[in-house]
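*Asks:* Got a sequence here, can you build the structure:
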Amino acid sequence: LSHERLSIIDLHSGRQPIQGCKGAWMVHNGEIYNHQQLRDTVLKDHTFRSKSDSEVIVHLYEEFGYDFCDKLDGDFAFVVVNRDDFIAGRDPMGVKPMYYGLDDRGRIYFASEMKPIADQCRTFSTFPPGHFYTPKTGFVKYYKPKYEDHKTAVEPLNLKAIREALTEATRKRLMSDVPIGVLLSGGLDSSLTSSIAARLLAQAGKKLHSFSIGLNAESPDAAAARKVAAFLKTTHHEIHFTVGQGIEILEKLIWHLETYDVTSVRASTPMYFLSKAITDMGVKVVLSGEGADEIFGGYLYFRNAPSTEAFQKETIERVQKLFTADLLRADKSTMAHGLEARVPFLDKAFL
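*Replies:* This next block holds a predicted model:
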């Protein structure tokens, strides 16, 4: 088990691998938002070694065996090892990247990136989101939300429920022992979550830092973001980069992204520069707007849907495929600089 740590909760005692009460050890990348609630309820008889949110995973394994992934509320890729037994799991949406591979002898490897296992493994593949894997069971789908069947979408529109669930999704993602910011493009999605975050932080007497990027001050995104930032009274930072700088980092960017997909590379370029500027200012966590266009049918082509049923099916499929593109880009271009992007729209309860 090896682990590179970005400390966000419990900066001093959360080093990994973490040992449970008995013989199990685990490594985890991500954030478990309901860790305190789990400690206070189903794990109240367990003795913890740290205040790290990650530690609850190994204790849940010791308490429930394989059947615990749906108790976690958060973004995660983890492996728990207990002598000859192990379990690997990935969060429902695939916010955190995870891969697995097999070597010549059929041994299995798990990693957050392909790079570390590329030399050992003959074949490797993406670990499916919303699944766990054990040697006894193989892959098991634990995340089975009602919405995956488009026929269940029969409830009347409830704007109050949407508002409350998105507020709660944003609130839990402000959990941190380090400074937090928001990525602000000036579009509807990031403006909504930034507005909620600004309000919640203001109640705690804190000020929100917002960040945007463009080729220059005149670029439409940057202008829109300035407008929103002024309205929300955030401390706003605007970053610029040149086309030349973008071309210069391409090779490095592809090394981080592990894909040649043109759209992913193009969209990651500004995010890569922005992430560096953000971490240089001492901010380690940002909220980001991924998922909203997929959930609400925000892309232009959705207007061509032949029926409401087709529209609903398409949104479900787009949400399920987010891990192949937008989430991969959002995680890898930020984590390249040790910045964690959190995605309120993909909160389990909100979905």
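*Asks:* Which residue ranges of this protein form helices?
*Replies:* 35-40, 56-64, 115-118, 159-172, 188-203, 220-232, 243-248, 250-257, 262-280, 292-296, 308-320, 326-335 (DSSP state H).
*Asks:* list the contacts for residue 61?
*Replies:* 20, 24, 26, 68, 80, 82, 87 (Cβ atoms under 8 Å, 6 or more residues apart in numbering). (Each C-beta comes from the backbone N, C-alpha and C, glycine too.)
*Asks:* Would you mind measuring from residue 115 to residue 16?
*Replies:* 19 Å (Cβ to Cβ, to the nearest Å).
*Asks:* can you list the helices of the chain in TSV and add mean pLDDT?
*Replies:* Output for the helices of the chain, formatted as TSV (pLDDT from 0 to 100):
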stretch	mean pLDDT
helix 35-40	97
helix 56-64	97
helix 115-118	94
helix 159-172	97
helix 188-203	96
helix 220-232	96
helix 243-248	97
helix 250-257	97
helix 262-280	96
helix 292-296	97
helix 308-320	97
helix 326-335	95
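*Asks:* Now render these as JSON lines, adding distance to residue 75.
*Replies:* Output for those, formatted as JSON lines (distance: least, Cβ to Cβ, whole Å):
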{"stretch": "helix 35-40", "distance to residue 75": "12"}
{"stretch": "helix 56-64", "distance to residue 75": "12"}
{"stretch": "helix 115-118", "distance to residue 75": "20"}
{"stretch": "helix 159-172", "distance to residue 75": "11"}
{"stretch": "helix 188-203", "distance to residue 75": "15"}
{"stretch": "helix 220-232", "distance to residue 75": "25"}
{"stretch": "helix 243-248", "distance to residue 75": "28"}
{"stretch": "helix 250-257", "distance to residue 75": "18"}
{"stretch": "helix 262-280", "distance to residue 75": "17"}
{"stretch": "helix 292-296", "distance to residue 75": "17"}
{"stretch": "helix 308-320", "distance to residue 75": "15"}
{"stretch": "helix 326-335", "distance to residue 75": "9"}
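*Asks:* which one of those lies closest to residue 350?
*Replies:* helix 159-172 (4.4 Å; Cβ to Cβ).
*Asks:* rewinding a little: please identify which of residue 115 and residue 16 sits among more neighbours.
*Replies:* Each of residue 115 and residue 16 has its neighbours counted (other Cβ atoms under 10 Å); residue 16 has more, 21 against 12.
*Asks:* Spatially nearest residue to that one (excluding sequence neighbours)?
*Replies:* residue 3 (4.1 Å; Cβ to Cβ, 6 or more residues apart in numbering).
*Asks:* how near is the one you found to residue 275?
*Replies:* For residue 3 relative to residue 275 (Cβ to Cβ), the value is 21 Å.
*Asks:* Phi first, then psi, for the residue of the chain most remote from its centre.
*Replies:* The centre of the chain is farthest from one residue, residue 105, which by Cα atoms, centre = their mean lies 33.0 Å away. Per-residue torsions, residue 105: phi -90, psi 10 (degrees, to the nearest 10).
*Asks:* change the start of the numbering to 682 and stick with it
*Replies:* In the new count, where the first residue is 682, that last one comes out as residue 786.
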